[in-house]
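> Sequence first, predicted model second:
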Amino acid sequence: MEDATKVTEYRERKEQLSGWPIRIVSYRLGSTYYVSIHNEEPGAWIVRKEGTTLTEVEAAAREAAAQALVHTVKRHSSSSGIGSTSG
């Protein structure tokens, strides 16, 4: 019998998605696979999915993360003009 409390097949890797550096974490707990995708630049969790096959769950997570990242604006810091008023 399978131990439903033991994490197996843990994997963590870094990639690029929609121009953003991401970290993909995947693992199996019992018969369920879990995948989470994190945006590395601001260090934010983007999406978490679960399902019965790693391929299915990872594809769904990538699609959801890509859609979320398309709407994310990259902000660049600037030493001039921030907080100033014209006139």
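Noted; the coordinates are in hand.

> Show me the shaky parts of the protein.
Applying pLDDT under 70 to the chain flags residues 1-2, 73-87.

> just the helices in it please.
Ranges of helices within the chain are 54-70, based on DSSP state H.

> which residue is nearest the centroid of it?
The residue lying closest to the centre of the chain (C-alpha atoms, centre = their mean) is Ile37, at 1.7 Å.

> Okay, and the beta partners of the closest residue to Ala44 other than its chain neighbours?
Closest residue to Ala44 apart from its sequence neighbours, by C-beta to C-beta, 6 or more residues apart in numbering: His38 at 6.7 Å. C-betas here are computed from N, CA, C, even on glycine. Assessed by DSSP bridges, His38 has beta-bridge partners Arg23, Trp45.

> And His38, how far from Ile22?
According to C-beta to C-beta, to the nearest Å, His38 stands 6 Å off from Ile22.

> repeat for Ile37
Relative to Ile22, Ile37 is positioned 5 Å away (C-beta to C-beta).

> Let's see stretch 20-36 as PDB, backbone CA atoms only.
Output of stretch 20-36 as PDB, limited to C-alpha atoms (Å, rounded to 0.1, in the frame of the first residue of the first chain):
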ATOM      1  CA  TRP A  20      10.000  36.100 -16.500                       C
ATOM      2  CA  PRO A  21      12.400  33.900 -14.500                       C
ATOM      3  CA  ILE A  22      10.300  31.200 -12.800                       C
ATOM      4  CA  ARG A  23      10.800  28.300 -10.400                       C
ATOM      5  CA  ILE A  24       8.800  25.200 -10.900                       C
ATOM      6  CA  VAL A  25       8.300  22.800  -7.900                       C
ATOM      7  CA  SER A  26       6.600  19.500  -8.500                       C
ATOM      8  CA  TYR A  27       6.100  16.400  -6.300                       C
ATOM      9  CA  ARG A  28       3.800  13.500  -5.700                       C
ATOM     10  CA  LEU A  29       1.900  12.900  -2.500                       C
ATOM     11  CA  GLY A  30       0.100   9.600  -2.600                       C
ATOM     12  CA  SER A  31      -1.400   9.300  -6.000                       C
ATOM     13  CA  THR A  32      -1.700  13.100  -6.500                       C
ATOM     14  CA  TYR A  33       0.800  15.300  -8.300                       C
ATOM     15  CA  TYR A  34       1.300  18.900  -7.200                       C
ATOM     16  CA  VAL A  35       3.000  21.700  -9.200                       C
ATOM     17  CA  SER A  36       3.600  25.200  -8.100                       C
END
